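K.L.:
here's my sequence, what's the structure:
(chains A, B, C and D)
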2 protein chains.
Amino acid sequence: MSRKRNAHRSPDMPTLVDVARLAGVSEITASRVVRAQGPIADATRARVLNAIEKLGYIPNRAAGSLASAGSTLMSVLLPSLSNIVFPDVLRGIHTALTETAFQPVIGVTDYDPLIEERILVSFLAWQPAAVILAGLHHTPTARRHLEHGRFRVAELMDIDGDPVDIAVGMSHRQAGYDTGQHLIQRGYRRFGYAGHSVVFDDRATARYEGLRASLQEAGLSLVAEHRHPGPSSTMAGRDSLEILLATEPGLDVVVFPNDDMAMGGIFHCMHTGITVREQLGIFGFNGLDIGQAMSMPLSTILSKRFLIGKTAAEKLLESRERPLEKTIINTGFDIIEGATA
Amino acid sequence: MSRKRNAHRSPDMPTLVDVARLAGVSEITASRVVRAQGPIADATRARVLNAIEKLGYIPNRAAGSLASAGSTLMSVLLPSLSNIVFPDVLRGIHTALTETAFQPVIGVTDYDPLIEERILVSFLAWQPAAVILAGLHHTPTARRHLEHGRFRVAELMDIDGDPVDIAVGMSHRQAGYDTGQHLIQRGYRRFGYAGHSVVFDDRATARYEGLRASLQEAGLSLVAEHRHPGPSSTMAGRDSLEILLATEPGLDVVVFPNDDMAMGGIFHCMHTGITVREQLGIFGFNGLDIGQAMSMPLSTILSKRFLIGKTAAEKLLESRERPLEKTIINTGFDIIEGATA
DNA sequence: GCGTTTTATGGTAGCGCTGTCATTATTCTT
DNA sequence: AAGAATAATGACAGCGCTACCATAAAACGC
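P.N.:
Below is the predicted model:
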């Protein structure tokens, strides 16, 4: 009665052999039906499918992956999921991957390159078909693995740098620069910056530097800045603006690293009776739904997160082999005029 | 020179054999070092670790999983990532899993039980050690797989029902009920409800029903309700409130299914000059940061998303075997008084 | 000091699947 | 009608690792 299986196997978890036997075909034929690969007679396919259904067979991907030296996994390494940006990217990836055999496997790095490296290595152990990560900055070890691996690589969000394979995103430096230009053109002169602990967020830093560069070109400079210790949040934006204005009451515009913090800034103004735009301009980044739902929509920059994720995944699917040429795709950004700056 | 490996193998991707050879030990000893399992002499461990480092060896988890009939993956199936609730849950899971060998693998179901079933099956193909999903409601096929599998199962968010193994969450019906009680006690009588397309979101439905039950007990009822077609968003909340008030101007409080929509409600009031709380109470659900950052903090219910994720993952790690007794853990909720209702 | 336990290591046989190469019908050429 | 191409199937080895059992050496007990 009992099969000569190893004792550690589950009792009667059906395998391809069982399917093949029940369908009266060879193992390999059953395998071909499962993978929809190679020519199979309709009648045969039907019998195999039937057997699969009857047994409740679920293919063992570990075995498949081992035998074929490759998997249908796509490793996705994101800095954070609290920051709405990355769920949006992820939705884009998901969208591109539905109807394909690929599955995303997600890891969260907390903006820490060392954690990124650790998770990357543990993901590589599953022989993914592709790896998607944020930014162009990784540890040397991580970079080495990315360069030598037999998988496609997409680096998202930022394009200011040298990618391993594909980069999809926008120039954050340019976004910061354009922010400055836009605000100067609107007549603002006394600039403040209310940021957050920026140790790891390279994109925010790049925007900050772009902003400073544009100010400098116009003979201006940041009159005051404050960085909230700890991560970005609406509350952090509110507190930061308060501190900033206490230090330097004469500011006429404050730039925030993102919409969450900018919303906090707006709330501070509402609370203290500061007239937004007239007395103080507020400028964010991302173009979140909530900022646009206010009666006075937030002035900000729309980053195309969903598009970035979708484009990257689609590009990766185009070929399993890494092309000789590196690809950089600029998804751009839009300035949203809004009513706050 | 060339190894007698299959041609389809990558050139010289090192395996355990290579490590063992270089370290001068047997394959199995090297394996034990990698897995930190069984007694190993310090000198031997050092030699093996050295060889691993030198070769840049990355263990092949597909092979490991196949040989040991089990993996260190934990499948996580969430309805959405746009809804901040689930990233929070995920952070909790991540927190519990750091420092363990387990890795979460995330799938997004879009609140659709059929997609959930499909993703579940594809995840089971990797022999996960545990499966985490949202809610207690699944397709019959999914439920069957969950019941018969050799893995732990945690069903999150809701506890009103019969779990497969572990349930961690809160009673959404109770939350809705308590919302009603709380608002009645504060003197509100003419209730409105501004929801969203609710086809799949069982939790929102449960809260809605709890609310109605408490109103009924008090001899009251929902004077008006409106459901925004499509998913929940701040803009949806704003539009819904407008429509609701056009239909029924006499409302004195409106309950929203979540904070995002409630914020939209607030914005509508701000825009049209309605005095929140005095003229119209606004009540949300979730207790998001942004709602609390307003000078008039949102009245809402704090759901403990992070705790739910963390608790679930911790419980799952306690034992690899499914216990005879099902476990239900109620993480509860807190009413946040706020200033809007 | 001789069994007994503990510590440290190794040999071997698969885990379930797919790549490679054959083999046998079946259809198409000219 | 004979050869060539194509469609449909199968045999078998082996992917890289770990469970299982065995062995040898060191430590322990009284």
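
K.L.:
how near is the residue in the stretch 151-300 of chain A positioned nearest to DNA strand D to chain B?
P.N.:
Of all residues in the stretch 151-300 of chain A, the one sitting closest to DNA strand D is A:F151 (14.9 Å; Cβ to the nearest atom of the strand). Where you see a C-beta, it was placed from the backbone N, CA and C, and this is true even at glycine. To chain B, A:F151 is 10 Å away according to Cβ to the nearest Cβ, to the nearest Å.

K.L.:
and if you look at A:C269?
P.N.:
10 Å.

K.L.:
what's the burial count for that residue?
P.N.:
22 (other Cβ atoms under 10 Å in any protein chain shown).

K.L.:
and it, what element?
P.N.:
helix A:259-272 (DSSP states H and E).

K.L.:
which of the residues in that helix are buried?
P.N.:
Buried residues in helix A:259-272, defined by neighbour count with 16 or more other Cβ atoms under 10 Å in any protein chain shown: A:D259, A:D260, A:M261, A:A262, A:M263, A:G264, A:G265, A:I266, A:F267, A:H268, A:C269, A:M270.

K.L.:
next, count neighbours for the closest residue to A:H228 other than its chain neighbours.
P.N.:
Once flanking residues are discounted, A:H228 sits nearest to A:A236: 4.1 Å by Cβ to Cβ, 6 or more residues apart in numbering or on different chains. The tally of other residues near A:A236 (other Cβ under 10 Å) stands at 24.

K.L.:
for the stretch 1-150 of chain A, which residues are neighbours of DNA strand D?
P.N.:
In this structure, the stretch 1-150 of chain A approaches DNA strand D at residues A:6-8, A:25-29, A:32, A:38-41, A:43-44, A:63, A:66-67, A:69, judged by Cβ under 7 Å from any atom of the strand.

K.L.:
which parts of the stretch 201-341 of chain A are helices?
P.N.:
A:202-217, A:234-247, A:259-272, A:289-293, A:305-318 (DSSP state H, counting those that start in this stretch).

K.L.:
A:A167 contacts A:L136, correct?
P.N.:
Yes. With contacts counted by Cβ atoms under 8 Å, A:A167 reaches A:L136, the gap being 6.6 Å.

K.L.:
in its sheet, which strands sit next to the least confident helix or strand in chain A by mean pLDDT, and in what direction?
P.N.:
For chain A, using mean pLDDT, DSSP states H and E, the weakest element among its helices and strands is strand A:103-108, scoring a mean of 88. Applying DSSP bridges, strand A:103-108 is found paired with strand A:73-78 (parallel).

K.L.:
so which bits of the strand it pairs with are buried?
P.N.:
Buried residues in strand A:73-78 (16+ other Cβ under 10 Å): A:L73, A:M74, A:S75, A:V76, A:L77, A:L78.

K.L.:
could I get those residues as TSV with distance to A:V17 and pLDDT?
P.N.:
Shown next, in TSV, are the buried residues of strand A:73-78 (distance: Cβ to Cβ, whole Å; pLDDT from 0 to 100):
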residue	distance to A:V17	pLDDT
A:L73	25	93
A:M74	30	95
A:S75	31	95
A:V76	34	95
A:L77	37	96
A:L78	40	94
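
K.L.:
which among those gets closest to DNA strand C?
P.N.:
Using Cβ to the nearest atom of the strand, the buried residues of strand A:73-78 come closest to DNA strand C at A:L73, 13.9 Å.

K.L.:
grab the nearest non-local neighbour of the closest one.
P.N.:
Nearest to A:L73 is A:P128, by Cβ to Cβ, 6+ apart, at 4.4 Å.

K.L.:
is that neighbour located within a helix, as I assumed?
P.N.:
No. Under the criterion used here (DSSP: H, G, I helix; E, B strand; the rest coil), A:P128 is coil, not part of a helix.

K.L.:
just to revisit the earlier point, and the angle for the least confident helix or strand of chain A with helix A:305-318?
P.N.:
130 degrees (axes from the mean of the first three to the mean of the last three Cα atoms, to 10 degrees).
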